[in-house]
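Asks: Below: sequence and its predicted model.
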Amino acid sequence: MSLLEIDSVTKRFGGLTAVSRFSLGVGAGEIVGLIGPNGAGKTTVFHLLSGFHAPTEGAIRFKGVSVIGAKPHEICRRGLARTFQIVQPFVNLTALENVMVGAFNRTDDVAAARKRALEVLEFVGLGARRDALARELTLPDRKRLEMARGLATQPELLLLDEVMSGLNPTEIEAIIGLIRRIHTQGVSLLIIEHVMRAIMALSQRIVVLHHGEKIAEGAPAEVARDAKVVEAYLGEES
Amino acid sequence: MAAEALGGLALGVLLVAPPFLPPYFLEILISVMLFGYLGAAWNILGGYAGQFSFGHAAYFGIGAYTSTLLFLRLGVTPWLGMLAGGALAALFGLFAGYLSFRYGLRGPYFSLVTLAFAEMLRVVAVNTKAVGSSIGLVIPSREAAPVNFIFAGKLPYYYVILAMALGAVWITRLVARSKLGYSLLAIRENEDAAEAAGVDALGMKLRAMALSSFLTALGGSFYAQYFAYIDPTITFGPSVSIQGLLQAIVGGAGTVLGPLIGAFVLTPVSELSRAAIRGRAGVDVMLYGLALILVISFLPQGIMGWARKGRGHPARVPLIRRRR
C-alpha cells in the first residue's frame, strides 16, 4: 500500500478546472518530484492534500485513510506536513518559537517541544539564529525555518513547495543536501520545484502536471526526454 | 533582575500603601486595578490570539447581572454568583465564538460581530422588566456583610480587585508559557500556517474565548458589588468593551504585564484631565482621545513593546496590522 494515494482527483474553482483526474501514489521512503509550468495546478494539489481545499471529485488517502474533509491540523497530526511556496513564518516570534509551534504537534509539554525544536533548528542549520525574530531572517534562512517547522511536527510525508525558489546556486546545493538528510531520517517527500537540476538530482520519480492534467510520469531521465514535457515547457514548434 | 526588584517593590507598595491613601486616590487605584483586570482578561483573546473583540461588555454584563440577580432574587452570595456569572459568560463566549470562528470571521469582521452580540444583550436587558429594564438594578443593603461581598469601606474592595488583577496576570503568565499560549501567538501571526503546523485553530481560539469571557464576567460582578448599581448602558455598553482593550493596547497587547501597566498610565490621565478641566464638559474626553492617538501613533506596540526593544526582546504585537 502506498503511503499516499491520490485517486483521480479533480478540483474546479467555478468554471476553472485547476486539477483534472489526477492520480499519484507516493510510497514510504520515496522522493517524488512534481513539476510543471506555472499555473499547472501543482500548488492546488498540495492544498488538496493538506486539507486547505476539498477536491470536487476523487479520493485522497494517507496511510489508507481518506483525508477528505479533515482539517489541516488533523492531517498534520496524522503525519502529513507541508511548507508554503511563499514562506509563512510567524514574523514576530523567534525562530525557536516558530519551530516549537510545530513541535507541539506531538507533545503538550513545553520543555519537550523546546528540546525537539532546538534539535530541528540544529539539523536545518539555524541553531545560531534560534533567538532571532523570524522577520529578521534572510530569505534562505526563512526557507530553512519553513522546513524546520514542518519537520518539527514529525511527519512521515513532507510536502515541499518550491523551497529553492529565489536562492542562489550555493544555497540550492545546501538545500539539496538538507533534503537528502531529511530523507535519510525516514521521511518520504513530495517536492514541487522549478529548479530542474535539483529536482532531477533528488527525485526517484517525477510527475509532470500541465493544465491540471498529468502528462508524464517516470524516472527523471525519461521524463526529461518526453516530447509532451518538452512541449509543455518550451511551447509547440510552429 | 532589576525588573524583578522593581516589580517586587511595586507589589509591596500596592499591598501596604493603600490604607494610608486619601479616599480619592484609593478610588483611582481601584479603577486602575479594575481596568487592568479587564485589560488582562481581554488580552488573552485579543493580545495573544489576536482576535480583536469589541464586545467584551457582553461578558462583563452577564457577570454583573448574574451575580446581582442571584443575590437579589434568591439570596445567593455574590461570591458564588460571580462564579455562576463566569460560567454563563464562558458558555455565551463559546457560543458567539463558535459561530464567528466556524464561519471563518477574521479581523474586523470578528470585531463587528462581537460588538453586535454585546449590543444585542444590551437591548434585551433594556427591554426585560425582570432584570430591571433600563432602570437597572440596585443592591440595597449597605450594611457590611463580607459573606455577601458587601464591605464597609472602600479598602476591602481594593484588596479584592488587587487580588483579582494579580490573579489575572498570573493566569496570563501560565497561558503564555503553555502550549495554548504558543498556539494562540501562532494563530495571531498566521492562522493558515498555524493550522498547517498542527495547531487546532478553532479549538485554541475557543479556549482563549472561554477563559477571557469567564474572567471578564468576574470583573462585572465586582463592579456590581462595588458600585451597588448596574444598568444596561453601563454594563453592556461599548465603553466597557473599549476600556478593556485600551488598557491592553496601550500597555502592550500580547504581553503578560501590559494591561496592568496600561491601566496605571491611562486611568490617571483620564482622572487628571477630568479634574483639571472642570466646567468644560467633554474637553477632558477630547484630551484623553488625543493622548490615545499619540500613544497608538508613536508606540504601536504599547509601552511594553517600547520598553523591551531597547533590551533586544521581541516586541510582540503590532497594534494595527494592515490586512491584505
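Replies: Great, that's in hand.
Asks: Where do the strands of the stretch 151-300 of chain B begin and end?
Replies: Secondary structure of the stretch 151-300 of chain B by DSSP state E, counting those that start in this stretch: the strands cover B:229-230.
Asks: Oh, that last question was meant for chain A, not what I typed.
Replies: For chain A, the strands defined by DSSP state E occupy A:4-13, A:16-26, A:31-35, A:57-62, A:65-66, A:80-82, A:157-161, A:188-192, A:205-210, A:213-218.
Asks: can you put those in a markdown table and add mean neighbour count?
Replies: C-beta coordinates here come from the backbone N, C-alpha and C atoms, glycine included. Putting the strands of chain A into a markdown table (neighbours: other C-beta atoms under 10 Å in any protein chain shown) gives the following:
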| stretch | mean neighbour count |
| --- | --- |
| strand A:4-13 | 18 |
| strand A:16-26 | 19 |
| strand A:31-35 | 24 |
| strand A:57-62 | 18 |
| strand A:65-66 | 10 |
| strand A:80-82 | 28 |
| strand A:157-161 | 24 |
| strand A:188-192 | 23 |
| strand A:205-210 | 23 |
| strand A:213-218 | 18 |
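Asks: how about JSON lines for those, with mean pLDDT added?
Replies: JSON lines is the format used below for those (pLDDT from 0 to 100):
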{"stretch": "strand A:4-13", "mean pLDDT": "95"}
{"stretch": "strand A:16-26", "mean pLDDT": "94"}
{"stretch": "strand A:31-35", "mean pLDDT": "95"}
{"stretch": "strand A:57-62", "mean pLDDT": "96"}
{"stretch": "strand A:65-66", "mean pLDDT": "96"}
{"stretch": "strand A:80-82", "mean pLDDT": "96"}
{"stretch": "strand A:157-161", "mean pLDDT": "96"}
{"stretch": "strand A:188-192", "mean pLDDT": "96"}
{"stretch": "strand A:205-210", "mean pLDDT": "94"}
{"stretch": "strand A:213-218", "mean pLDDT": "92"}
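Asks: closest to chain B out of these?
Replies: Closest to chain B of these, according to C-beta to the nearest C-beta: strand A:80-82, at 5.6 Å.
Asks: Output the contacting helices and strands for the closest one.
Replies: helix A:42-49, helix A:139-152, strand A:157-161 (3 or more C-beta pairs under 8 Å, 6 or more residues apart in numbering or on different chains; DSSP states H and E).
Asks: quick one, which of these is nearest to residue B:51?
Replies: helix A:139-152 (22.3 Å; C-beta to C-beta).
Asks: For chain A, what lies in contact range of chain B?
Replies: Taking C-beta under 8 Å from any C-beta of the partner chain, the part of chain A that reaches chain B is made up of A:50-52, A:71-73, A:76-77, A:81-82, A:84, A:88-94, A:97, A:100-102, A:104-105, A:108-110, A:113, A:133, A:149-150, A:152-153.
Asks: Try it again at 6 Å.
Replies: By the rule C-beta under 6 Å from any C-beta of the partner chain, the part of chain A lying against chain B is A:72-73, A:76-77, A:82, A:88, A:90, A:92, A:100-102, A:104-105, A:108, A:133, A:149, A:153.
Asks: So which elements touch the helix or strand of chain A with the lowest mean pLDDT?
Replies: One helix or strand of chain A scores below all others by mean pLDDT, DSSP states H and E: helix A:227-234, with a mean of 83. Counting contacts by 3 or more C-beta pairs under 6 Å, 6 or more residues apart in numbering or on different chains; DSSP states H and E, helix A:227-234 is packed against strand A:213-218.
Asks: Residues contacting the strand it packs on, please?
Replies: Strand A:213-218 has contacts (C-beta atoms under 6 Å, 6 or more residues apart in numbering or on different chains) with A:20, A:22, A:207, A:208, A:223, A:226, A:228, A:229.
Asks: would CSV of these with distance to residue B:250 be doable?
Replies: Compiled in CSV, those are given as follows (distance: C-beta to C-beta, whole Å):
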residue, distance to residue B:250
A:20, 54
A:22, 53
A:207, 54
A:208, 56
A:223, 60
A:226, 63
A:228, 62
A:229, 59
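Asks: List just the nearest of those to residue B:254.
Replies: residue A:22 (42.1 Å).
Asks: give the contact list for that closest one.
Replies: Counting by C-beta under 6 Å, 6+ apart, residue A:22 has contacts A:9, A:214.
Asks: any idea how far it is from residue A:70?
Replies: 19 Å (C-beta to C-beta, to the nearest Å).
Asks: again with residue A:109
Replies: From residue A:109 across to residue A:70, the span is 25 Å (C-beta to C-beta).
Asks: out of those two, which sits in the more crowded spot?
Replies: residue A:70 (19 against 14; other C-beta atoms under 10 Å in any protein chain shown).
Asks: OK, contacts around the nearest residue to that one once chain neighbours are set aside?
Replies: Using C-beta to C-beta, 6 or more residues apart in numbering or on different chains and skipping residues adjacent in sequence, the residue nearest residue A:70 is residue A:51, 5.4 Å away. Counting by C-beta under 6 Å, 6+ apart, residue A:51 makes contact with A:70, A:71, A:72, A:75.
Asks: Quick check: phi and psi on the first one?
Replies: The one in question is residue A:70. phi -80, psi 150 (degrees, to the nearest 10).
Asks: Check which residues of stretch B:171-190 are buried.
Replies: B:171-172, B:175-176, B:179-190 (16 or more other C-beta atoms under 10 Å in any protein chain shown).
Asks: Which members of those are the farthest-apart pair?
Replies: The widest separation within the buried residues of stretch B:171-190 (C-beta to C-beta) is 25.5 Å, between B:171 and B:190.
Asks: the inter-axis angle of the least confident helix or strand of chain A versus strand A:31-35?
Replies: Here the directions of helix A:227-234 and strand A:31-35 differ by 60 degrees (axes from the mean of the first three to the mean of the last three C-alpha atoms, to 10 degrees).
Asks: give me every residue that touches residue 148.
Replies: If you meant another chain, say so; for now it's chain A. Taking C-beta under 6 Å, 6+ apart as the test, what residue A:148 contacts is A:99, A:120, A:121, A:124.
Asks: My question was about chain B, not that one.
Replies: For residue B:148, the contact set (C-beta under 6 Å, 6+ apart) comprises residue B:77.
Asks: One more pass at 10 Å, please.
Replies: B:71, B:75, B:76, B:77, B:78, B:79, B:81, B:139, B:141, B:225 (C-beta atoms under 10 Å, 6 or more residues apart in numbering or on different chains).
Asks: Which one among these sits at the bottom for pLDDT?
Replies: Lowest pLDDT among those: residue B:141, with 71.
Asks: Run a quick neighbour tally on that residue.
Replies: Using other C-beta under 10 Å, residue B:141 has 10 other residues around it.
Asks: Look up which residues are beta-bridged to the spatially closest residue to it that is not a sequence neighbour.
Replies: Once flanking residues are discounted, residue B:141 sits nearest to residue B:150: 6.4 Å by C-beta to C-beta, 6+ apart. Beta-bridge pairing for residue B:150 (DSSP bridges): residue B:145.
Asks: Where does pLDDT dip in chain A?
Replies: A:1, A:235-238 (pLDDT under 70).
Asks: Check the stretch 51-200 of chain B too.
Replies: B:142.
Asks: Flag every residue of it that's near chain A.
Replies: B:177-183, B:185-200 (C-beta under 10 Å from any C-beta of the partner chain).
Asks: same thing but at 7 Å, please
Replies: Contact residues, the stretch 51-200 of chain B versus chain A (C-beta under 7 Å from any C-beta of the partner chain): B:177-179, B:182-183, B:185-186, B:189-190, B:192-200.
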